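**Q** Return a 3D structure for these sequence lines:
(chains A, B and C)
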Amino acid sequence: MSTLPAARTTIDQRRATLLTPDFFNRDPRRVARALLGKLLIRKTPGGTLAGRIVETEAYLGTGDAAAHSAAGRTARNSVLFGPPGYAYVYFIYGNHYCLNVSCLPDGVAGGVLFRAFEPIAGIEQMAKARGIAISPKIDLNNISFLKNLSSGPGRMSEALGITRTRDNGKSFVGKKSDLQLADDGYHVRRVMVTPRIGIVKSADEPLRYYIAGNPFVSRRGPTV
DNA sequence: ATATCGATTATCT
DNA sequence: GATAATCGATATG
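**A** Numbering: from 1, shown residues only, chains lettered A, B, ... in the order given. Okay, here's the model as predicted:
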C-alpha cells in the first residue's frame, strides 16, 4: 500500500526566509501558484500565528471582470494598484474580511486572494479568534477542527484577526511587519487549477490554485 | 453527503 | 437601491 502524504506539516525554522518584493512583482497567476506551500505569519502581542498556504486565487487587474480593480482605481481598491507585496483587505457580505497581496509594479493592478491554510502555530489563539472554545476534550491535531479554523478566506482572516482598518495597505515584505510571508523550503508536489469560487463574472477562468490532495483546501473543485 | 438560505454593510450605480 | 472574491445553520438524502 502506498502511504498518503502526511496531513500535518511543521516549520523548518532554519530555512525560513522572508519573501521579497520581487516575488510579488509579476503576474498574479505565477504569484498565486508560487505562494502554495509558503508560510503566512501574523505576529500578535499574544504570540505568533502561522499557517502553510494551500489555496489561492489570482485576480488580474483591469482586464479581469471578477477583480475589484476591473473598473479602475478607487479608494477601496487602491492597494491593488500600488506596489507589490502589500495587504489588500476587503469586507464582504456584511460579515467577512478577505486578505489579498498586491502583485505587479506600482501603477499596475493585480493581486492574489488567500483562501486557505494549514494552521501550524498559535492554534489555540486562532481558535479563540474564531469563537471556538478550547477544552481538554479537543484534539488540536484533529483535521476537522483545524479545517474549521482557516479553510476559506473569511475563516482564515478571522483566525488571524485581520480587519480592514487594521491591515489594509500593510506591507508583507517588511522585516518589522506583523504580517509576513516566508519560504521554509517546503516542496509542493502537485498543483490543481480550477475556476475561482463564488464569482459571477469571468466565472470560468482557471485562476484558482490549490495543493492536490491537501485536506485543508476549502473545496475539492467545481461541482461540474 | 449536498442544497438552500439568511445575515449585514461597504461600495458603486 | 442592488450587489458582493462568504459563512454557518438548517433541511433533506
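**Q** Assign a three-state SS to residue A:149, would you?
**A** Of the three states, residue A:149 takes helix under DSSP: H, G, I helix; E, B strand; the rest coil.
**Q** Next up, the contacts around it.
**A** A:119, A:123, A:126-127, A:130, A:132, A:155, A:159 (Cβ atoms under 8 Å, 6 or more residues apart in numbering). To be clear about C-beta, it is placed using only N, CA and C from the backbone, and glycine gets the same treatment.
**Q** among those, which are in strands?
**A** Secondary structure assignment by DSSP state E places residue A:119 of the contacts of residue A:149 in strands.
**Q** does any bit of stretch A:138-154 sit next to DNA strand B?
**A** No: using Cβ under 7 Å from any atom of the strand, stretch A:138-154 never reaches DNA strand B; the gap is at least 9.3 Å.
**Q** Point out the residues in chain A that sit beside DNA strand B.
**A** Near DNA strand B, when you scan chain A using Cβ under 7 Å from any atom of the strand, you find A:71, A:74-77, A:91, A:93-95, A:164, A:223.
**Q** For chain A, what lies in contact range of DNA strand C?
**A** Contact residues, chain A versus DNA strand C (Cβ under 7 Å from any atom of the strand): A:57, A:59, A:66-69, A:80, A:88, A:90, A:92-96, A:98, A:100, A:111, A:113, A:130, A:148, A:152-156, A:196-201, A:218.
**Q** Of those, grab the buried ones for ChimeraX.
**A** Buried residues among the residues of chain A next to DNA strand C (16 or more other Cβ atoms under 10 Å), as a ChimeraX selection:
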select /A:57,59,66,67,68,69,80,88,90,96,98,100,111,113,130,148,152,153,154,155,156,196,197,199,218
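**Q** Could you find the closest non-adjacent residue to residue A:121?
**A** The shortest distance from residue A:121 to any non-neighbouring residue, by Cβ to Cβ, 6 or more residues apart in numbering, is to residue A:50 (4.0 Å).
**Q** where does the one you found fall, helix, sheet strand or coil?
**A** Of the three states, residue A:50 takes strand under three-state DSSP.
**Q** and the gap between it and residue A:163?
**A** In this view, residue A:50 and residue A:163 are 19 Å apart by Cβ to Cβ, to the nearest Å.
**Q** Residue A:143 too?
**A** 28 Å.
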